[in-house]
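1. Fold the following, please.
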Amino acid sequence: MDLGLSGRAAIVTGATRGIGLATARRLLAEGAAVLLVGRDAEALEATADSLGGDLATVAADVTSSHAGDRIVGSALQRFGRVDVLVNNAGTSENKPLEELTDEDWEDQWELSVMAPLRLMRAAIPRMAEAGWGRVVNVSSSSGKRPSPSNAAYSVAKAAELSLSRVFADAYAGDGVLVNAVAPGAVASELWTGPGGLADQTAKRSGTSREEALQAAAGKIPLGRMGEPDEIAAVIVFLCSEGASNVTGAAWSVDGGTVQTIV
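-> Model prediction:
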C-alpha cells in the first residue's frame, strides 16, 4: 500500500530504540527521508548504519529550550523541507505518588509537553506555508487513564493530548494534521530492558521479573504487550495521505487497555 510519503522529509525523536526506531524504519520503507533525533551520538550513528536510506542524525536533548529550533534547522539544512514530525521521545519509572519530587514532575513536563511544544512551534508554521504537514505526538494510555505507578508521567501525557488538540485546531485549515497515539504497555526497552519498568515493578512488588511482565500483560484485554512495530504502523498511517480526514484525534493503540469509546 502506497501511503504517499515518498519524497517527504520526517523528524523522529527518540529514534534509536523502541517505537521511535520502528517508526523511522517504516518511514524509510515508504520512501521518506528521516532525521533521527536522540541524545546519544554513538547510538544514533549505529542506528543510521543499521537502517540505511536517506537519513541524517542530530544528537540533542529535546528538553533543551533551543532544541526545537536546532532540530528543525538541521532537517531543513539536510532535506530542504519538513513534512512530518513524530514527537516520540519519552521515559517513565515506577515511582509512587508520595515519592515524586518537584524535579520528577518538572522533568516529565519538560519531556512530554514543552519538548513537543517547541518542536511543533518550530516545524508547523513551515508545514503550513507549504500547505501540507503531519504531526504525531506519542502519548500514552496513562494520559487517558492515570496510572498509580507514576502520576507525574500520567499528568504530563494527559497534557500532551490536550496540546495536540490545540495545535490540531489551530492549523487544520492550513493542511497540517496533528494527532496523538496512546500506546499501552509495549515490549520495548522501557519495559523489558535492564532496570526497566519490569525490573522496577518486580522490585517494588517483591515478585520476579517474569511475574511482573505477566501481570502487566494480564491487565490488557488482548493478553499481551504491544510490539513497537504495531505502534509504529499506526503512527506512520497517521503521517500518510490515507489519514487525510484525521486531525485532533488521540488514537488508542493499547490492546484495549483503556476501556472507553472516546
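
2. What segments of the stretch 1-150 of the chain are helices?
-> 18-29, 41-51, 67-79, 102-109, 115-130, 141-144 (DSSP state H, counting those that start in this stretch).

3. Check the stretch 151-262 of the chain too.
-> According to DSSP H, counting those that start in this stretch, the helices that the stretch 151-262 of the chain contains are 151-171, 189-192, 197-205, 209-218, 228-238.

4. who wins for proximity to Arg126 among the ones you listed?
-> Nearest to Arg126, of all these, is helix 151-171, at 11.2 Å by C-beta to C-beta. Where C-beta positions appear, they are placed from N, C-alpha and C, glycine not excepted.

5. what about the closest one, average pLDDT?
-> Helix 151-171 carries an average pLDDT of 98.

6. What is the longest strand of this structure by residue count?
-> With secondary structure taken from DSSP state E, the chain has its longest strand at strand 176-183.

7. Now do Ile261, the pLDDT please.
-> Listed pLDDT for Ile261 reads 75.

8. so how far is Gly7 from the spatially most central residue of the chain?
-> The centre of the chain sits closest to Asn88, judged by C-alpha atoms, centre = their mean, with a distance of 2.1 Å. Plainly put, Asn88 is 22 Å away from Gly7 if you go by C-beta to C-beta, to the nearest Å.

9. now swap in Gln77 and tell me
-> Counting by C-beta to C-beta, the gap from Gln77 to Gly7 is 18 Å.

10. which ones are touching Asn150?
-> 92-95, 100, 108, 142 (C-beta atoms under 8 Å, 6 or more residues apart in numbering).

11. From those residues, pick the one nearest Tyr153.
-> Closest approach between the contacts of Asn150 and Tyr153, by C-beta to C-beta: Ser92, at 4.4 Å.

12. Do I have it right that Ser205 meets Ala212?
-> Yes - Ser205 is in contact with Ala212 according to C-beta atoms under 8 Å; the separation is 6.7 Å.

13. Looking at the two, which has the bigger crowd around it?
-> Each of Ser205 and Ala212 has its neighbours counted (other C-beta atoms under 10 Å); Ala212 has more, 22 against 12.

14. Look up how far Gly133 lies from the residue located most distally from the centre of the chain.
-> The centre of the chain is farthest from one residue, Gly206, which by C-alpha atoms, centre = their mean lies 30.8 Å away. According to C-beta to C-beta, Gly206 and Gly133 sit 49 Å apart.

15. Can you tell me which of the helices of the stretch 1-150 of the chain is nearest to Asn179?
-> That would be helix 115-130 among these, by C-beta to C-beta, at 12.0 Å.

16. rewinding a little: now tabulate the helices of the stretch 151-262 of the chain in CSV and tack on distance to Ser252.
-> What follows is the helices of the stretch 151-262 of the chain, written out as CSV (distance: least, C-beta to C-beta, whole Å):
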stretch, distance to Ser252
helix 151-171, 11
helix 189-192, 18
helix 197-205, 19
helix 209-218, 17
helix 228-238, 10
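
17. do you know which of these lies nearest Pro183?
-> With C-beta to C-beta as the yardstick, what comes closest out of the helices of the stretch 151-262 of the chain is helix 228-238 (4.8 Å).

18. got the angle between the closest one and strand 176-183?
-> 160 degrees (axes from the mean of the first three to the mean of the last three C-alpha atoms, to 10 degrees).

19. which other helices and strands contact helix 228-238?
-> The contact analysis (3 or more C-beta pairs under 8 Å, 6 or more residues apart in numbering; DSSP states H and E) places helix 228-238 against helix 18-29, strand 133-138, strand 176-183, strand 250-253.

20. Provide the count of other residues in contact range of the nearest residue to Gln200 once chain neighbours are set aside.
-> Closest residue to Gln200 apart from its sequence neighbours, by C-beta to C-beta, 6 or more residues apart in numbering: Asn94 at 3.9 Å. Per other C-beta under 10 Å, the neighbour tally for Asn94 reads 21.
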